[in-house]
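**Student:** what would the 3D arrangement of this be:
(4 chains)
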4 protein chains.
Amino acid sequence: MTKIVLVVQCRDRPGIVHATTGAILALDGNILESHQYRDELSDDFVLRVTFETSATKVQAEEKLRAELAEFEPVFRLRTQDEPYRVLLIVSKIDHCLIDLLYRHQIGELAVEIPLIISNHRDLEPVAQSYKIPFAYIPVTLESKAHAEAQTLKLIEENSIDLVVLARYMQILSDEMCDALPGRIINIHHSFLPGFKGAKPYQQAYQRGVKLIGASAHYATGDLDEGPIIEQDVARVTHAHDAAELQALGRDIERRVLAKAVRLHIEDRLVVVNDRTIVFE
Amino acid sequence: MTKIVLVVQCRDRPGIVHATTGAILALDGNILESHQYRDELSDDFVLRVTFETSATKVQAEEKLRAELAEFEPVFRLRTQDEPYRVLLIVSKIDHCLIDLLYRHQIGELAVEIPLIISNHRDLEPVAQSYKIPFAYIPVTLESKAHAEAQTLKLIEENSIDLVVLARYMQILSDEMCDALPGRIINIHHSFLPGFKGAKPYQQAYQRGVKLIGASAHYATGDLDEGPIIEQDVARVTHAHDAAELQALGRDIERRVLAKAVRLHIEDRLVVVNDRTIVFE
Amino acid sequence: MTKIVLVVQCRDRPGIVHATTGAILALDGNILESHQYRDELSDDFVLRVTFETSATKVQAEEKLRAELAEFEPVFRLRTQDEPYRVLLIVSKIDHCLIDLLYRHQIGELAVEIPLIISNHRDLEPVAQSYKIPFAYIPVTLESKAHAEAQTLKLIEENSIDLVVLARYMQILSDEMCDALPGRIINIHHSFLPGFKGAKPYQQAYQRGVKLIGASAHYATGDLDEGPIIEQDVARVTHAHDAAELQALGRDIERRVLAKAVRLHIEDRLVVVNDRTIVFE
Amino acid sequence: MTKIVLVVQCRDRPGIVHATTGAILALDGNILESHQYRDELSDDFVLRVTFETSATKVQAEEKLRAELAEFEPVFRLRTQDEPYRVLLIVSKIDHCLIDLLYRHQIGELAVEIPLIISNHRDLEPVAQSYKIPFAYIPVTLESKAHAEAQTLKLIEENSIDLVVLARYMQILSDEMCDALPGRIINIHHSFLPGFKGAKPYQQAYQRGVKLIGASAHYATGDLDEGPIIEQDVARVTHAHDAAELQALGRDIERRVLAKAVRLHIEDRLVVVNDRTIVFE
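**Tutor:** Model prediction:
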């Protein structure tokens, strides 16, 4: 039996679910899970179905494409034996990297990690201890375009499906983001109220915030402003100094990023009109 | 256009979704929302669909019953112009009652409340101020069976769909619960670790718990042990005395109960093997 | 026995706690609760002590002022029989008002509420049902200065200690805020990431936020930016529409505002360098 | 300058704070942080003060003991250059162990870890990779007393201050717990409602709980019932299977345990009448 995850995105029109379930039935498929979303304003429609079938992936795709052709859908179809190939990009800070590698190691995160890229050498030993190839690509103002070209080349060569910025302190160019739409996840601290600039935990302390948080989102040209995937917060008090806020921030960041990655590799995320639909 | 909520429960068999969406298509219906659940162990299947159709409710029900007959489903089908009729049962404590009445008043809770029943007269003025009939049915050890019979009669006469125990400090008999399966919601404080007995907030204080919570569940014979609908907690410290824990408890209780009621009246709750499936 | 809450604010210097506890000891006082805070950057120091004494309030104040004179402290000293006199200011939205009145009614909020002011007549019946005087003070661009003068006059006449903006949709002038520093509490929705402008819940929906929240803070000239007192959030999903976000927002707002008021009337809040120290 | 943490526990009597601050003043000490707690029922009193002084630790202790002698206090006095020596005891599950070692490595947890003990060899490589001695002490029904004796001997030899059961699946004997009162921290999953027995996450799934949680507590004879230090929860849905609940449980467990350890090594925990007072 093949276990297939299907995500169909199209204009909403009567019959789309019926056509899809008809095709699955014809494939002798058994639906395991199904979620759908319809955007009331834009009429966008998304369907995510997992099903088991005795057909092959190729047969399933052929059948579904044929039966759904009239709806002109955007299509995603994966089987369980096709794990996502994930590139981790980091700078010097290791808490998100180590957490993702740990979850990978114990089988919680069923992906392949063929490569880690960094603009610093600091975390090379971590990559080595997990026996994952490490590429050092320094980034300066002048070399940025070249560094991104190198990165894109490695993404190509390694057949990367998903790029995770596991605390990568560089802003990607619009070109880089556009080259991988909905395929780059970033993690970002967030505060109530929000504020920009350096030393955010110092600012949070000075502002006396009572909650600190983190947001994972898809990277777009504007680093902080891509579609939000997942957010969480922790309560803090005036007694927490900036270092303690930062320590709490690490906990939230690694947890939120890991969840975002998990949702992505289970194909539970679809971006509709700059909002992330989460089929959980 | 009629807006219909359909909940179908049956054994899982290939074709059930296809048959349902086929019937909806034949009714010229447009699916607005759809959720489904399949219990891996028991093979139970539940589908909740909302759709708009130019057909009447009677036509829709007829068509769906015919098309789904072979799956021998349990059926729920409601239209938006059929608000749930809700009976509130209380004792002396008013925070859940007042909160539900407020939500009702501002239109957040789209139900009819034809009656409030209590085993005490304390909250009669509240009922009066909201212009809702109030029935005083005292309960003693001897009169309990009689009181429940009176209550069931009023439920019948008032065509009650849902009974909400908004802090009703009496345990219902097994017979009463069995007479209204999945139609009585209760709210209950919960603690980590759990403990039984009187003065729970005093116990929570003495135990030094760091979280206090509340659970809403469907009432079954065993008052605390029905299928859980919704739970929430709040953090507390050693500095909170029993009265403060109780005040926090009130906030959680009213919030959790209101959410459980909202989920029920939107037909988002289905009990499968003593677990509550929440289609949210 | 008199139960006294004392808040002392001064430069940090060795001996301040010793001098205070010495004075309390000399008053035959028994310390019930004590909190202190020292700002590492600015050297500001705050001490909050509650104690029981057979002395009168006047005697206690005299003794403490004498013994602490060399530290040149800012002083707050209250007894349990001096409840805060609270003015509630509202517009048309009632959830925060009704929640505060309910908590007041059941004794959870031990204050006096001699007056409700509004720029609309909508909530006058609520005030009447709780038998609280209601002043209608309309506000237009032209009449704003006059309206604030009227309000300040009523604050004076009613010996108001604390002003609570229980969803008052007007921005107070800098002059008004400056006239009542640390004595006006406002409630405000907050989001991750933050955004300004009208229809915030609509914006939150469009942005696909996964958390919505509220912040209570002291009003300063810039309405949203006063010292934060309390914040909370709730998880939301893409499936919540703007109306549902708003309903959830109401729950958080009333809870956060009530907590902020409680903290204030228990003298647990001190503003130090634009941060609120919360002695909880 | 010496930075000292002082914890004083005694019967509540007027003058205790004054005497303590007097002694600190005489030591030319500057108070940095101060918390106190008084149990209304039992009249137990606890004071935690941190202060900087030019005196040595020995001088400070001498002075404080002399000045507080009349209050017959229980005393704890530590300086910053005396890190806690922590023994980690594990079985086969590694998430808590690895998390604590990571926090230790990056300096978030300022302790010494001279030894890891396990009843299995599975995690020996983890200990080796962090260059921490590892003792394998198998436990069978027959060997339990012997194993505990060995463990106590190693605790003695290694001058262990704190034992952390980082998912140690054995119940310690009453004797072992009594030998180290308030010095053994355990982590435990918790659910609303609570339940006992094997496969807790499977039970949580079958029960349809909407929250799963973890509690850290001091071990006493009854493994689950020692004074609670810290608790947290995460929301779950019917769609999470037992494996997913377990994954979420790992996240909560490691976070709650790390916090409990941090609170302990900062001397922020005092057990009073079986409740843990947390000075945070």
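
**Student:** give me the phi and psi angles of the nearest residue to residue A:180 once chain neighbours are set aside.
**Tutor:** Leaving out its chain neighbours, the residue that sits closest to residue A:180 by C-beta to C-beta, 6 or more residues apart in numbering or on different chains is residue A:163, at 6.1 Å. For glycine as for every other residue, the C-beta is placed from the backbone atoms N, C-alpha and C. When read as degrees, to the nearest 10, the backbone of residue A:163 gives phi -110, psi 130.

**Student:** quick one, grab the pLDDT at residue A:176.
**Tutor:** Note on residue A:176: pLDDT of 93.

**Student:** re earlier: neighbours around the residue nearest to residue A:180, how many?
**Tutor:** 24 (other C-beta atoms under 10 Å in any protein chain shown).

**Student:** so it sits right up against residue A:186, yeah?
**Tutor:** No: with contacts counted by C-beta atoms under 8 Å, residue A:163 stays clear of residue A:186, the gap being 9.2 Å.

**Student:** kindly report the residues of the stretch 151-280 of chain A close to chain D.
**Tutor:** Contact residues, the stretch 151-280 of chain A versus chain D (C-beta under 8 Å from any C-beta of the partner chain): A:237, A:239, A:247, A:251, A:255, A:280.

**Student:** in CSV: the residues you listed, plus neighbour count.
**Tutor:** Putting these into CSV (neighbours: other C-beta atoms under 10 Å in any protein chain shown) gives the following:
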residue, neighbour count
A:237, 13
A:239, 14
A:247, 20
A:251, 22
A:255, 23
A:280, 14
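
**Student:** farthest-separated two in those residues?
**Tutor:** Maximum pairwise distance among those (C-beta to C-beta): 35.1 Å, between A:239 and A:280.

**Student:** got the contact list for the residue in the stretch 1-150 of chain A that chain D sits nearest to?
**Tutor:** Ranking the residues of the stretch 1-150 of chain A by distance to chain D (C-beta to the nearest C-beta) places residue A:108 first, at 5.3 Å. Residues near residue A:108 by C-beta atoms under 8 Å, 6 or more residues apart in numbering or on different chains: A:262, D:247, D:250.

**Student:** just the residues you listed now: which is nearest residue B:147?
**Tutor:** residue D:247 (47.7 Å).

**Student:** chain neighbours aside, what residue packs nearest to that closest one?
**Tutor:** residue A:108 (5.3 Å).

**Student:** the one you found falls within a helix, correct?
**Tutor:** No: assigned with DSSP: H, G, I helix; E, B strand; the rest coil, residue A:108 falls outside any helix and is coil.

**Student:** next, the buried residues of stretch A:60-69.
**Tutor:** The neighbour-count check on stretch A:60-69 (16 or more other C-beta atoms under 10 Å in any protein chain shown) flags A:60, A:63-64, A:67-68 as buried.

**Student:** show me which of those residues neighbour chain C.
**Tutor:** Counting by C-beta under 8 Å from any C-beta, no member of the buried residues of stretch A:60-69 is near chain C.

**Student:** adding pLDDT, write the residues you listed out as CSV.
**Tutor:** Formatted as CSV, those follow (pLDDT from 0 to 100):
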residue, pLDDT
A:60, 96
A:63, 97
A:64, 97
A:67, 96
A:68, 97
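
**Student:** now for these, which pair is the farthest apart?
**Tutor:** A:60 and A:68 (11.8 Å).

**Student:** how does chain A divide into domains?
**Tutor:** According to automatic domain parsing, chain A comprises the domains A:2-79, A:85-278.

**Student:** now for the ones you listed, which one comes closest to residue B:133?
**Tutor:** Of all those, domain A:2-79 comes closest under C-beta to C-beta, at 38.3 Å.

**Student:** how far off centre is the closest one?
**Tutor:** Mean-position distance between domain A:2-79 and its chain equals 22 Å (C-alpha atoms, centre = their mean, to the nearest Å).

**Student:** quick one: residue A:22 and residue B:15 touch, right?
**Tutor:** No: judged on C-beta under 8 Å, residue A:22 makes no contact with residue B:15 at a distance of 9.3 Å.

**Student:** so what does the lengthiest helix in chain A touch, helix or strand wise?
**Tutor:** Counting by DSSP state H, the longest helix found in chain A is helix A:242-265. The contact analysis (3 or more C-beta pairs under 8 Å, 6 or more residues apart in numbering or on different chains; DSSP states H and E) places helix A:242-265 against helix A:95-105, strand A:162-165, strand A:184-191, helix A:200-207, strand A:211-218, strand A:228-235, helix D:242-265.

**Student:** now do the buried residues in it.
**Tutor:** So helix A:242-265, judged by 16+ other C-beta under 10 Å, has buried residues A:242, A:244-265.

**Student:** list the pairing partners of the following helix or strand past it within its sheet, with orientation.
**Tutor:** Scanning forward in sequence from helix A:242-265 by DSSP states H and E, the next helix or strand is strand A:269-272. Its sheet considered, strand A:269-272 pairs with strand A:275-278 (antiparallel) by DSSP bridges.

**Student:** could you dump the strand it pairs with to PDB, C-alpha only?
**Tutor:** The C-alpha trace of strand A:275-278 is given here as PDB (Å, rounded to 0.1, in the frame of the first residue of the first chain):
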ATOM      1  CA  ARG A 275      -1.900  33.900   5.300                       C
ATOM      2  CA  THR A 276      -0.700  30.400   6.300                       C
ATOM      3  CA  ILE A 277      -3.500  27.900   6.500                       C
ATOM      4  CA  VAL A 278      -2.500  25.200   9.100                       C
END
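
**Student:** angle of the longest helix of chain A against strand A:211-218?
**Tutor:** Orientation of helix A:242-265 against strand A:211-218 (axes from the mean of the first three to the mean of the last three C-alpha atoms, to 10 degrees) gives an angle of 30 degrees.

**Student:** helix A:242-265 to helix D:95-105, inter-axis angle?
**Tutor:** Going by the same axes, to 10 degrees, helix A:242-265 makes 140 degrees with helix D:95-105.

**Student:** from the chain's centroid, how far away is the least confident helix or strand in chain A by mean pLDDT?
**Tutor:** Within chain A, no helix or strand scores below helix A:200-207, which has a mean of 84 by mean pLDDT, DSSP states H and E. Centroid separation for helix A:200-207 versus its chain: 28 Å, with C-alpha atoms, centre = their mean.

**Student:** neighbours of the residue in the stretch 151-280 of chain A positioned nearest to chain B, how many?
**Tutor:** Residue of the stretch 151-280 of chain A nearest chain B, by C-beta to the nearest C-beta: residue A:235 (7.0 Å). Using other C-beta under 10 Å, residue A:235 is surrounded by 14 other residues.

**Student:** also residue A:142?
**Tutor:** Applying other C-beta under 10 Å, we find 8 residues neighbouring residue A:142.

**Student:** SS state for it?
**Tutor:** Under the three-state scheme (three-state DSSP), residue A:142 adopts coil.
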